[in-house]
Every structure is written in structure tokens, then in C-alpha cells.
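Chemist: sequence and predicted structure below; questions after.
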Amino acid sequence: MTVLDPGLIQDHNHRLLRHVASDYEHLGEQLARRHIDIDAVRQKVAAFGVAIPSWGVGTGGTRFARFPGPGEPRNVFDKLQDCGVIWQLARATPGVSLHIPWDQCSDWPALRAVADGYGLGFDAINSNTFSDQPGQAHSYKFGSLSHTDAGTRAQAVAHNIECVAIGQRIGSKALTVWVGDGSNFPGQQHLRRAFERYLDSARQIYAALPDDWRMFVEHKICEPAFYGTVIQDWGSSYLAASALGPKAQCLVDLGHHAPNVNIEMIVARLIAAGKLAGFHFNDSKYGDDDLDAGSIAPYRLFLVFNELVAAAHEKLAFEPAYMLDQSHNVTDPIESLMTSAAQVQRSYAQALIVERSLLDAAQQANDALLASQTLKRGFETDVTPILQRVRLDAGGAIDPVAVYRASGYRQRVAKDRPASAGSGGGIV
Ligand code: PSV
Ligand code: MN
């Protein structure tokens, strides 16, 4: 079942077919000179997928305000439909990552059937113990898994275990745990004990994981706690994941580090340790800005992919989960998500065309300039024709945003989906 008329996609593609064919051929020649087979690269890119966060299809906001867009999804079924559009046009996002209770649903089998209909599956499921829900017995104002109060910790553990049960019903294979726990004042919290309490709670969640599940521990340097968070960096995340066991790994959200932190270095270390869970892609200039992936620092994104491709090239065993995690405050979320998914694919393709043996030789010979040039040649190559061909071959749009705009989808759904309130602040 497709949301948009496939005929519209075909009409648009038809106008661009000739250009894509000649651009692809030209790029193929360039790559052949570097002894790279463009079709082999295309097949790898075609097999790559990055999941959509269900919350990403709604308009985001900041702590100051949220300016809703027209036709925002009203519930998880609407969100799935928007994900169906993204998948149909851009062909890069076969999975959806749910967030509980934001995506609470009274009929999980029905939701799964709808997702199946769009050709979508469910990626990692996310728990939420960073905000209070109506009727909840204990507040998370002062933490959840690491709270000083045992009852609050037990409630947070139970919520995570419930998320696993939901995930099992929809076919997820991982639980992502991000907690807002931390403190706003030096001295507010006993730093060591808070981490120990977190571990104690996390162990109970870990014990409830099915055999074929993984637990993704997501770190974040600050926010909502602005003095210190309990899982503040990859060091704490690694300590936690190591203490928990092999099914626990560290999830890297690109926005969750101090400015200038070398994220690709973290990725390299986690791969080597067998602890890389996967990614939440977004971009930032100052902090957890949640801007569109690759909109600020595309070279950094490429360098992350360079580590992944190098590790795959060296046949290291790892299986990262790829997901976007962005807040779309001023764009149509569908347009941003399609563009970001293509940007992530682009970084992957650029990393795939790095001449690995040349790079290895330059590194071995300590030829810094040649090594840097070799690496950069991948980044500087315009791989657009590969991405266009991948979409075209899969029945998607050569130019997804143009087709989306021409489809009038947003205007159509705006008629059924009433405008949501805009005044209150809120990160998502
Ligand atoms: C926290 O900032 C985070 O990155 C976590 O992944 C949350 O689940 C998500 O954002 C919610 O907005
Ligand atoms: Mn995240």
C-alpha cells in the first residue's frame, strides 16, 4: 500500500531519467579510474537503512516556544502514514522507532499490520522516564532509574520492562534507554551513588531483555540536568554497558557531546570494544541543537562513516542501528527527514569510495598529507548520481522533495488533522 500516487513519482522521474543516466555513467568512469566499481557501491547504499523517530514527524520546539506546522500527526497511526510517505519517496528509511508513552496505542497488532502495509518495520523502542505522565505514582523531577527513592526507581524499571513487552509485539529487537537523570547544582547529588543506583535499576531491565534483544545506553552531556547528568558521556555509558553484559551497548547521539569532541574517535573506540550500539543522527553547532543531519558539519558525519566502513572493510563484527533524532522547528518534518536520510546515505557512499589500500599505505608510511588527501577525495566526490539511482531503482523519487511538494500531501492531511496548540515550550 502506498500513500502517494506512484504515477506522480513516475512522471517526475521521467523528466530527469536522462540526466541521471549520464551523470551516473560519468561518475562511474571517474570511480573506475580509482579502481572502484560504482555498481558495487550502489548495491551497498541500496541495502543501507536509517530509521525514522516517530516523534520526528511532528514539529519540534525549543524551551521557549513551539510553532506547529499544518497537518501534524494526531496519533501513532498518522505518524506511521507520514513515515510511509518518507519511505515511499526517499527509499532510505524502512524502520520506525517508537517512543513510549508518546506512541501509546490500544491495538498493537493493528499498528503492526498498518506498518506492514506501508512496508515499514519497527526499530529500537524508546522508553521515557524523563517526563511525568498523568496518573503516575512517583515523579521523575529528581530522576528516574537513579532516583534516591526506591519506589520511583521501581516505577521507571517497570516502564522500561513494559516497553520491551510492547516492542516484542511489534517486532523491535532493542530498547533504547536515555534518562534525563542528573543534577543542577554541585553537591545536589552524590555522583557515585547516583551512578550505582542507575546500574542497579538498569540491571533489572537488562535481566528482562529477551535473548535476541539489545539494550542501547544513550549518553548525553547535559539537559535537562545542567550541572551533571548520570550517563553524561561515552565513558559512563561504556562503564554501564560493560557492567550490564554483552547485550548492552552504547548509543551515540551526535548532538550529545561537548563542542569539538572528536565523535569519530568515540566511534572507533566503541567498535574496537564491541560496544557500539548505533546512532542517533542529527547536527549541531553549539550543543544538542537537533538540527538536520549534515546541515552544519557534513565532514564530521563522513568521518563517522569512514570509521564504520573501515571497520567493515577489516571484517570486524558489529551491527550498528542507524536512526535519525532531530527536532524540526522551522521546516516540514517530512522534507527534513527525507533530506537527512539522503545525507546519511551520502556520507556512507562517500566513505565507501575512499581508496582503502592507498589510505592504509599512506598511514603506514606516516604520509600525513597523502593520507588526508586520500580520505578527503571520498568526501569531495559528488555521489548524488548513486543516491538518485538507488531511489529510482527502488521505485522512489529522483527528487523526493519536489515530488512531495507537488503531491499536495501536507495540504491534504491538514484538512483532517486539526492544528495543534503552539504556545507551550517543549523540546519535542
Ligand atoms: C534526548 O535528548 C534524546 O536524544 C533521546 O534520544 C530521547 O529519546 C529523544 O532525544 C527524545 O526527544
Ligand atoms: Mn537521541
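Modeler: Yep, that arrived. Numbers count the residues shown, from 1 in each chain. Ligands and ions are numbered 1, 2, ... in the order given.

Chemist: residue numbers of the stretch 251-400 of the chain in contact with ligand 2?
Modeler: Taking C-beta under 5 Å from the ion as the measure of proximity, the stretch 251-400 of the chain contacts ligand 2 at 253, 280, 325. The way it works is simple: take the backbone N, C-alpha and C, and place the C-beta from them, glycine included.

Chemist: all helices of the stretch 251-400 of the chain, in order?
Modeler: 263-272, 298-313, 333-352, 356-364, 368-380, 384-393, 400-407 (DSSP state H, counting those that start in this stretch).

Chemist: so which of the ones you listed gets nearest residue 59?
Modeler: Smallest distance to residue 59 across those (C-beta to C-beta): 6.3 Å, for helix 333-352.

Chemist: touching ligand 1 at all, that closest one?
Modeler: No. Using C-beta under 6 Å from any ligand atom, helix 333-352 never reaches ligand 1; the gap is at least 13.1 Å.

Chemist: just checking, what packs against that helix?
Modeler: Other helices and strands packing on helix 333-352, by 3 or more C-beta pairs under 8 Å, 6 or more residues apart in numbering; DSSP states H and E, are helix 38-46, helix 76-90, helix 298-313, strand 321-324, helix 368-380, helix 384-393, helix 400-407.

Chemist: now the angle from it to helix 368-380?
Modeler: If you take axes from the mean of the first three to the mean of the last three C-alpha atoms, to 10 degrees, helix 333-352 sits at 140 degrees to helix 368-380.

Chemist: tell me the mean pLDDT over helix 333-352?
Modeler: Across helix 333-352, pLDDT averages out at 98.

Chemist: repeat for stretch 389-401
Modeler: Mean pLDDT, stretch 389-401: 98.

Chemist: does residue 215 lie in a helix or a strand, and which?
Modeler: strand 214-218 (DSSP states H and E).

Chemist: does ligand 2 sit close to the next helix-or-strand element following that strand?
Modeler: Moving toward the C-terminus from strand 214-218, the next helix or strand (DSSP H and E) is strand 228-229. No. Strand 228-229 is not in contact with ligand 2 by C-beta under 5 Å from the ion; minimum separation 13.0 Å.

Chemist: where are the low-confidence patches of the chain?
Modeler: Low-confidence segments of the chain, defined by pLDDT under 70, span residues 422-428.

Chemist: contact residues of it facing ligand 1?
Modeler: Residues of the chain lying near ligand 1 (C-beta under 6 Å from any ligand atom): 55, 126, 178, 218, 220, 253, 280, 288, 325, 427-428.

Chemist: what is the neighbour count of residue 94?
Modeler: Neighbourhood size, residue 94 [other C-beta atoms under 10 Å]: 17.

Chemist: repeat that for residue 395.
Modeler: Residue 395 has 14 neighbouring residues, counting by other C-beta under 10 Å.

Chemist: need the contact list for it.
Modeler: Taking C-beta atoms under 8 Å, 6 or more residues apart in numbering, we find residue 395 in contact with 6, 9, 88, 91.

Chemist: is it possible to get CSV of those that adds neighbour count?
Modeler: Formatted as CSV, the contacts of residue 395 follow (neighbours: other C-beta atoms under 10 Å):
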residue, neighbour count
6, 10
9, 25
88, 25
91, 25
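
Chemist: quick check: the farthest pair among these?
Modeler: Spatially, the most separated pair among the contacts of residue 395 is 6 and 91, at 12.5 Å (C-beta to C-beta).

Chemist: hang on, the earlier thing: save the residues of the chain next to ligand 1 as TSV, and put in neighbour count too.
Modeler: Converted to TSV, the residues of the chain next to ligand 1 look like this (neighbours: other C-beta under 10 Å):
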residue	neighbour count
55	22
126	28
178	23
218	21
220	24
253	22
280	28
288	19
325	27
427	17
428	17
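
Chemist: of those, which belong to strands?
Modeler: 126, 218, 253, 280 (DSSP state E).

Chemist: put together a markdown table for those, with distance to residue 83 on each row.
Modeler: Converted to a markdown table, these look like this (distance: C-beta to C-beta, whole Å):
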| residue | distance to residue 83 |
| --- | --- |
| 126 | 15 |
| 218 | 21 |
| 253 | 20 |
| 280 | 16 |
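
Chemist: from ligand 2, how far out is residue 406?
Modeler: Taking C-beta to the ion, to the nearest Å as the measure, residue 406 falls 32 Å from ligand 2.

Chemist: from residue 67, how far out is that residue?
Modeler: From residue 406 across to residue 67, the span is 25 Å (C-beta to C-beta, to the nearest Å).
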